[in-house]
Every structure is written in C-alpha cells, then in structure tokens.
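Chemist: Model the following, please.
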Amino acid sequence: MKSIYADYLFDKYIFVSNGETGTDQFETLFALANLFNIRIIEGEKLVSGDMIKYAASRLGQNVPEPFYRGFPQSVRELSPDKLLFDQLVHYTITYGFGNFSEAGHSLFEENFERTAFKENADIREFRIITEEEAVYALAEIVNDLLAGTRPLSEGQYNLVKEYITDHGFMPESIASKNTAVKLLMDTRKPEFADFIMMSDVIKLVDEINYNLYQSENIKKLNLKNQDRKFITNVMNRLFEAGRVDIRSCFEKKKIWSGLLHHIHYTSGSDVAKQFVDAMRGKENRSVYSEFERAMAEKNITDAVDKLKAGKGSAAVLRNLNYLISRCENVQDMEYVINSIDSDNVIVLLQLLLSYSQYKQGNEPRTFKFTKYNMMKVHPETEEEQKKRKSVITVGQANMLAAKIKEKLVPTLRNRLGKVYIDPDMTSYALPLQETATQGGIGVLTKGSRLKLPETKKLRAFTYWEKADDIDLSVFGIDEDGLRREFSWRTMSGNQSEAITYSGDETSGYNGGSEYFDIDLDKVRELYPNMRYMIFCDNVFSGLNFDECFCKAGYMTRDLIDSGEVYEPKTVKSSFIINCGSRFAYLFGLDLKSNEFVWLNFAVNSRANVAGTTNMDFVLDYFGITNIINVYSFFEMMAEEVVSDIAEAEIIVTNKNVECAEGQTVVREYDIEKMMAYMNM
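Modeler: Now for the predicted structure:
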C-alpha cells in the first residue's frame with residue numbers, strides 16, 4: 001500500500017497488513033510494546049516484522065544527538081560562560097570557517113553514562129487491518145473530507161487526490177470550491193469543472209499561477225500555452241453547462257478583463273460573448289456594488305436585502321461588523337440582527353469565535369487569513385487604524401455572539417439521534433481552521449487542550465536533515481502580553497531546572513536536533529508572572545521547510561531523567577513540517593491550568609529568526625474551547641444525550657470503547673468525521 005495511505009491510517013492508530021505474516025508474531029508484538037508502547041488490540045494475527053521498522057520511521061528512532069549530548073544534566077552543570085563559549089566556538093567553525101561537514105558538540109562536557117530507561121509511558125492501542133479493509137476505511141475518510149465546505153490541509157488534500165487518481169474515483173459532490181479547483185488543476189480532468197462556477201475560474205488561475213509559476217500576483221500573468229488552453233476549455237465547459245454566475249464575476253471585473261486578454265479568449269457562443277462583453281465593458285453590476293451604493297446612502301435595510309438576495313445570508317454574516325457599525329438607530333440594528341438566519345454552520349461557528357474574542361474597537365487589530373495553505377498575518381498599521389470603516393464596541397460584539405449562539409441551537413438541534421459524549425471532549429476544539437496545519441500522529445485541532453501530569457515534564461523536540469540550521473525556540477508571555485524569549489540567542493544565561501535547552505546545532509545537514517525541557521512547577525517558581533509559553537520552529541538556513549526534512553513534536557518525560565534523550569515510548573506527537581515557509585508555530589502551554597495547547601500552523605513568513613514575529617494573535621487559540629468545543633457541539637446536535645454507551649447511536653470519546661453494530665465512534669483525532677457532521 002502507498003505510504004501516503006499507510007501514514008494517514010497510522011496517525012489514526014491503524015497498521016495496514018501487507019498480507020505477509022511470519023512465525024515471529026509473538027516477538028514482533030513484544031518488540032512493538034517494548035520499543036514504542038504499542039499494544040495491538042485487534043488483528044494480532046496480521047502482525048509482521050516490517051511493522052517494527054515502519055513504526056520506528058513514524059515515531060522516530062536513531063534520532064541525531066543534540067549539541068549537548070548529556071542533555072539535560074550536563075547542560076545544568078556548565079556555567080553561563082562555558083555555555084556561551086561553547087556556542088561561540090561552534091558558530092566560528094560553522095559560519096566563520098564555513099565548516100558544515102559534521103554536527104558540532106560541546107567542548108566542556110565530561111564523559112557521562114545514561115541510566116536505563118525506567119519511565120512509565122502511556123500505552124498506544126493500535127488495530128491491524130487488511131489492505132481491502134484499508135481501502136474501505138480510506139473511502140470513508142475521503143468522502144467525509146469531500147463533504148466539508150472548508151479548504152483541506154495539504155495532507156488531507158493529497159490523500160484525496162491520490163485516492164481519486166489511484167482508484168478512478170469520481171465523487172458525486174465536492175462541497176468545497178477550493179478542493180474542486182485544486183483537483184481540477186492537478187488532474188486536468190474536465191469533470192471537476194462541474195463542481196465549480198464561472199467565478200471560481202479566477203481561483204483556478206490563482207492556484208496555477210502560484211503552484212506552477214511561484215507567483216502570487218494574478219494581475220501579472222505569464223502562463224504557458226498549455227495552461228491558457230486548459231483555462232479556455234474549462235470556461236467553455238462552464239458556458240455549455242450554464243454555470244455562469246455573472247454577477248459574482250463582476251466582483252473581480254478587472255482581473256477577468258486581464259485574464260481574457262492574456263489567454264486570447266474568443267467567444268464561441270452567444271452566452272460567452274455576452275459574458276466577455278460584460279467583463280470588458282464599463283458597467284459593474286456586482287452585488288457588492290449595489291450593496292455599497294445602499295450603504296453610502298445609509299439605507300441599511302436595502303443594503304441587507306440586496307446582499308442577502310444576491311449572495312445569500314452567509315454574506316450578511318461576513319459583513320456584520322460593517323453593517324452594525326453603520327446602524328444609526330435601533331430599528332436598523334434589529335433588522336440586521338434578525339437577518340441572521342444562515343444555515344451555514346461553519347460561518348456561524350467562526351463568527352461565534354470571532355465575536356466572543358473581540359477586543360476593544362480602538363485597539364490595533366491583527367488580521368489573519370489562510371492562502372496557499374499557509375496563514376498570513378498582518379498587524380494593523382497606525383495609518384490603517386485611522387482609516388477604519390467598521391468599528392464596533394465590545395458590547396455590540398457580545399450581543400452578536402449571543403445572537404449567533406441563539407441561531408446555532410435551533411439550526412443544529414436533532415440532526416443526530418442518541419449521542420454519548422465523554423466529559424473529556426470539552427477539551428477538544430472543532431476543526432474550523434485547519435488549512436495551514438501539519439499532519440502526524442497525535443496531532444489535534446488548533447486550540448485543543450491536554451492536561452499534563454504533574455509528575456512529568458514536557459520535552460519539545462525538532463530534528464532534521466538537508467538543512468544546516470533549524471531552530472527550536474520558546475516564548476513566555478505574561479498576562480499583559482509582555483514577552484520573554486528562550487532561544488539560541490538567550491539561553492546561555494537562562495539555563496535552569498525550569499527551562500533547559502539542548503544547544504544550538506548549526507551544522508545538521510546530515511542530521512541535527514534540538515530540545516527544550518520544561519518543568520512547569522519550576523517555571524512558575526522562577527517566572528511567577530508568566531502565563532503562557534509558545535513553541536516555534538524556524539529554518540535559520542534560509543530554506544523553506546518543504547526544501548528539507550524536518551520533524552517536530554513533544555514527549556512527556558519523568559521529572560527524574562532516565563534513558564536516552566529521544567525515547568520513542570514517550571513521544572506523544574510527531575509530525576512532519578513541510579510547508580512552503582520558514583516559520584511554524586508548534587504548540588503552547590497554559591501555566592495556570594497546567595495544560596498543553598495545540599497550535600500547529602504554518603505562517604507565510606520569510607523570518608529566519610523567531611523573535612522577530614508578531615505573536616499577540618496566537619493567544620486567541622488558547623481560549624477556543626471555552627467558547628465552543630467538541631462536547632458542546634455534539635450536545636447541540638443530539639436529539640438526546642445519553643449516559644449509557646449501549647443506548648447511543650453515536651459515541652464521542654477520547655477512549656477506546658467496544659461498540660455494537662450500527663454504532664459510530666468519533667474520536668478526538670477524527671477530524672474528517674467532525675467536518676462531515678458540521679456540514680450535514
């Protein structure tokens with residue numbers, strides 16, 4: 001089975017059997033348990049020796065040693081002067097003399113011996129299935145992914161694309177225009193044009209321009225003839241099918257005019273001629289033009305009606321700030337609020353989060369959006385702040401959040417039957433914004449929280465190849481937003497039992513690694529004002545992550561160290577960072593609640609040094625589960641929440657449970673199933 005399929009299922013705690021079983025089944029089961037704490041709970045007879053090697057490749061084994069090979073004990077024994085001298089000598093050798101030939105190590109470490117590994121690590125419960133069963137499981141996953149209206153992450157999209165290509169699968173529907181456009185671009189199968197409208201052709205051109213020509217400027221096209229012909233054929237198919245939403249196309253009239261000129265489009269039908277003439281003419285009949293005219297005339301009710309009739313009630317939701325900020329009387333405000341009748345659950349949930357986290361209107365804002373599967377972050381400038389057109393108060397934001405929640409309850413009610421929901425599911429966030437995420441074992445949705453055992457410390461790690469210098473760093477943030485940096489630039493004077501750093505590896509082309517050990521109790525003692533910690537990864541070498549190999553993740557280790565620096569048994573999550581960027585947020589810690597918080601998003605950034613980036617917006621993700629979470633969502637969806645698993649049709653839990661025929665289990669990592677339920 002292809003690695004992309006096997007890897008995706010492994011992240012859901014499933015091995016796929018290659019059909020070969022040996023006589024060493026007991027030995028293999030023992031090795032999986034001994035090396036990785038993997039217990040096979042189903043399909044033991046399908047186990048084979050190759051699963052040991054495969055698990056090692058996914059969870060990590062023979063990971064390169066860090067700069068301080070005696071980490072963490074030897075680091076704590078060295079003075080700040082020795083730590084600084086170590087790194088300065090290393091920097092001189094690598095960057096001064098240009099010697100990147102082998103990984104550097106400390107000059108001052110004495111010989112050391114590690115104690116035998118004796119920690120208690122959590123058991124991972126895996127199933128083994130046949131390839132036939134795997135194909136069925138993948139089909140279910142692909143259908144769930146295609147049912148979601150949100151854009152897919154790179155890993156999710158690649159799975160869908162490979163499955164469609166390998167199995168000749170043509171879906172009956174694709175809910176996300178973004179997914180349909182990318183499949184159309186990558187497969188060049190004209191059938192995928194049947195899932196988009198004419199206005200989506202601009203998105204298609206944008207994706208081609210970025211992916212094939214590395215350009216983000218759609219106004220300056222330089223497409224090859226084969227791409228021009230492809231776009232022309234797609235347009236002609238849409239004209240023939242009558243999928244021409246001309247009013248929406250008016251919204252990007254100038255871009256359309258430039259595109260038609262660039263591809264030398266010639267009208268082949270009356271419908272096509274009318275469209276081309278409209279895009280090249282002077283008149284603009286877009287919905288938003290009419291909407292803006294009504295707004296300029298301060299006719300709020302007319303503006304709402306025009307927007308709702310032309311673009312649907314979801315467009316009213318997306319323009320709530322603008323509309324509310326222009327209301328001059330109570331009647332107008334009530335009219336806007338009463339127009340919130342969208343069945344688009346995703347939009348409602350996103351706005352609920354946005355308004356629940358709204359800050360005072362006169363504060364500088366940070367705009368964040370996802371494009372090309374990476375998050376773009378733009379802090380508002382003073383000039384932009386002065387030119388704001390839509391400012392609402394915190395009171396108005398709270399009112400809107402309450403109204404949206406009122407709309408959600410009847411919209412979702414009784415969509416499911418009897419549901420059992422584990423109380424622990426309040427800690428998990430819904431997959432509302434997962435486009436920029438990296439996939440891997442143990443990865444959860446942004447904002448999900450995990451309680452850390454008080455007897456453990458957290459060991460964050462990154463290791464890599466084909467890049468000389470990748471940096472792991474941590475930033476502490478207090479309640480007032482003040483920031484303290486723990487990185488290669490600062491750690492020579494900050495090493496302690498609270499925060500220990502393995503040293504800056506700068507010559508790791510053939511294999512490098514870095515670690516941070518965090519003892520939360522000691523951190524709270526040493527830094528009493530610190531509330532949050534945020535972990536980042538960046539490529540100092542000037543490459544993007546997708547030009548090298550890099551993994552990151554975390555372990556929970558005993559407060560008293562034993563074993564090797566990297567012990568696969570203790571790995572809670574391990575994921576590949578492969579975004580077209582030099583910077584990624586990994587995860588955070590809430591020191592007040594003693595919880596690990598998932599971030600995991602790639603930022604469209606050329607930053608080689610983590611300390612130069614804006615992090616204020618990241619704290620929004622720390623409070624997501626207080627607003628909406630997996631428990632509260634399924635509670636709203638249920639016809640009845642039951643306390644007995646045997647009575648449930650759907651079981652929502654983070655534990656392994658035995659279920660009867662006809663019961664559906666939704667686990668904390670079943671992002672595809674959650675996406676499908678949100679789009680029912």
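Chemist: now the residue nearest to the spatial centre of the chain: how far from Pro151?
Modeler: The residue lying closest to the centre of the chain (CA atoms, centre = their mean) is Thr437, at 2.3 Å. When CB to CB, to the nearest Å is the yardstick, Thr437 and Pro151 sit 11 Å from each other. Every C-beta, even on glycine, is put in place using the N, C-alpha and C of the backbone.
Chemist: again, but for Phe622
Modeler: 24 Å.
Chemist: Repeat that for Ser356.
Modeler: From Ser356 over to Pro151 the distance is 23 Å, taken as CB to CB.
Chemist: And Met615, by the same measure?
Modeler: 24 Å.
Chemist: With Glu119 instead?
Modeler: With the distance defined as CB to CB, Glu119 ends up 40 Å from Pro151.
Chemist: swap in Asp422?
Modeler: According to CB to CB, Asp422 stands 29 Å off from Pro151.
Chemist: following the longest helix that the chain contains, which helix or strand shows up next?
Modeler: In the chain, ranked by residue count with DSSP state H as the criterion, the top helix is helix 394-412. Elements were assigned by DSSP states H and E; along the chain past helix 394-412, the next helix or strand is strand 416-421.
Chemist: in its sheet, what does that next one sit against?
Modeler: The strands beside strand 416-421 in its sheet (DSSP bridges) come out as strand 638-641 (parallel), strand 650-652 (parallel).
Chemist: Out of those strands, which is the most enclosed?
Modeler: For those, the stretch with the most neighbours on average is strand 650-652, a mean of 24; neighbours defined as mean count of other CB atoms under 10 Å.
Chemist: Give the pairing partners of the next helix or strand after that strand; include direction for each.
Modeler: Scanning forward in sequence from strand 650-652, with DSSP H and E defining helices and strands, the next element found is strand 664-666. Each strand pairing with strand 664-666, determined using DSSP bridges, is listed with its direction: strand 650-652 (parallel).
Chemist: mind checking how far the partner strand is from the chain centre?
Modeler: Between the centre of strand 650-652 and the centre of its chain there are 24 Å (CA atoms, centre = their mean, to the nearest Å).
Chemist: now stretch 549-557
Modeler: In this view, stretch 549-557 has its centroid 16 Å away from the chain centroid, taken as CA atoms, centre = their mean.
Chemist: Quick check: buried residues in that stretch?
Modeler: Taking 16 or more other CB atoms under 10 Å as the neighbour-count basis, stretch 549-557 is seen to contain the buried residues 550-557.
Chemist: in the stretch 151-300 of the chain, which spans are helices?
Modeler: For the stretch 151-300 of the chain, applying DSSP state H, counting those that start in this stretch gives helices covering 154-167, 177-187, 201-213, 225-241, 246-249, 253-262, 270-280, 287-296, 300-311.
Chemist: picking that back up, contact partners for the residue nearest to the centre of the chain?
Modeler: Under the criterion of CB atoms under 8 Å, 6 or more residues apart in numbering, the contact list for Thr437 reads 153, 155, 443, 446, 600-602.
Chemist: Now go through those residues and say which are in helices.
Modeler: Counting by DSSP H, the members of these that fall within helices are Gly155.
Chemist: Which elements pack onto the helix or strand hosting Ser574?
Modeler: Here Ser574, judged by DSSP H and E, is contained in strand 571-576. Taking 3 or more CB pairs under 8 Å, 6 or more residues apart in numbering; DSSP states H and E as the contact definition, the neighbouring helices and strands of strand 571-576 are helix 50-59, strand 440-441, strand 549-558.
Chemist: 6 Å instead?
Modeler: If contacts are counted by 3 or more CB pairs under 6 Å, 6 or more residues apart in numbering; DSSP states H and E, strand 571-576 sits against strand 440-441, strand 549-558.
Chemist: Those: lowest mean pLDDT?
Modeler: When these are compared on average pLDDT, strand 440-441 comes out lowest at a mean of 92.
Chemist: outside of that one, which residues touch it?
Modeler: Strand 440-441 has contacts (CB atoms under 6 Å, 6 or more residues apart in numbering) with 11, 574-575.
Chemist: rerun that using 8 Å as the cut-off
Modeler: 10-11, 13, 58-59, 551, 553, 573-576.
Chemist: same check, this time on stretch 515-529
Modeler: Contacts with stretch 515-529, where a contact means CB under 8 Å, 6+ apart, come from 66, 71-72, 452, 454, 457-461, 472, 474, 476, 478-479, 482, 484, 486, 496-502, 530, 533, 535, 557, 559, 565, 589, 591, 594.
Chemist: Ok, stretch 245-257 next?
Modeler: The contact list for stretch 245-257 (CB under 8 Å, 6+ apart) reads 197-199, 202, 218-219, 275, 278-280, 284-289, 310-311.
Chemist: if we can go back for a sec, most neighbours of all the contacts of strand 440-441, which one?
Modeler: Within the contacts of strand 440-441, most neighbours by other CB atoms under 10 Å means Leu59, with 27 neighbours.
Chemist: show me the contacts for that one.
Modeler: 36, 441, 568, 571, 574.
Chemist: pLDDT wise, what is the closest residue to Ile38 other than its chain neighbours at?
Modeler: Taking CB to CB, 6 or more residues apart in numbering as the measure, Ile38 lies nearest to Leu32, with 4.2 Å between them; neighbours along the chain are not counted. Here the pLDDT value assigned to Leu32 is 95.
Chemist: now swap in Phe475 and tell me
Modeler: The per-residue pLDDT reported for Phe475 equals 96.
Chemist: Determine the three-state secondary structure at the spatially closest residue to it that is not a sequence neighbour.
Modeler: The spatial neighbour of Phe475 that comes closest, neighbours along the chain excluded (CB to CB, 6+ apart), is Ile534 at 4.8 Å. Classification of Ile534 into helix, strand or coil gives strand, according to DSSP: H, G, I helix; E, B strand; the rest coil.
Chemist: cool, Lys12 as well?
Modeler: Under the three-state scheme (three-state DSSP), Lys12 adopts coil.
Chemist: Now for it, how many residues are close by?
Modeler: Counted with other CB under 10 Å, the neighbours of Lys12 add up to 16.
Chemist: Repeat that for Leu400.
Modeler: The number of residues near Leu400, taken as other CB under 10 Å, comes to 24.
Chemist: wait, isn't it in contact with Leu351?
Modeler: Yes: using CB atoms under 8 Å, Leu400 is in contact with Leu351, at 7.4 Å.
Chemist: what is in contact with the two at once?
Modeler: Common contacts of Leu400 and Leu351, defined by CB under 8 Å, 6+ apart, comprise Leu320.
Chemist: how about low-confidence regions in the chain?
Modeler: When residues are selected by pLDDT under 70, those of the chain lie in 22-23, 360-362.
Chemist: If you count neighbours, what's buried in the host helix or strand of Thr28?
Modeler: Taking DSSP H and E as the criterion, the element that holds Thr28 is helix 25-36. Along helix 25-36, these residues count as buried under the neighbour rule (16+ other CB under 10 Å): 25, 28-29, 31-32, 35-36.
Chemist: Just put these in JSON lines and tack on distance to Gly395.
Modeler: Shown next, in JSON lines, are those (distance: CB to CB, whole Å):
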{"residue": "Gln25", "distance to Gly395": "66"}
{"residue": "Thr28", "distance to Gly395": "63"}
{"residue": "Leu29", "distance to Gly395": "61"}
{"residue": "Ala31", "distance to Gly395": "61"}
{"residue": "Leu32", "distance to Gly395": "57"}
{"residue": "Leu35", "distance to Gly395": "57"}
{"residue": "Phe36", "distance to Gly395": "53"}
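Chemist: circling back to that earlier point, between the contacts of strand 440-441, which is nearest Ala584?
Modeler: When those are compared for distance to Ala584 (CB to CB), Phe575 wins out at 10.0 Å.
Chemist: For the closest one, name its beta-bridge partners.
Modeler: As for beta bridges, Phe575 partners with Gly440, Ala552 under DSSP bridges.
Chemist: cool, and the one 10 residues further on?
Modeler: Taking DSSP bridges as the rule, Tyr585 bridges to Cys536, Phe601.
Chemist: Tell me which residues touch it, please.
Modeler: Per CB under 8 Å, 6+ apart, neighbours of Tyr585: 534-536, 599-601, 603, 618.
Chemist: what's Tyr428 in contact with, if anything?
Modeler: 444-445, 448-449, 625, 629-631, 654, 668.
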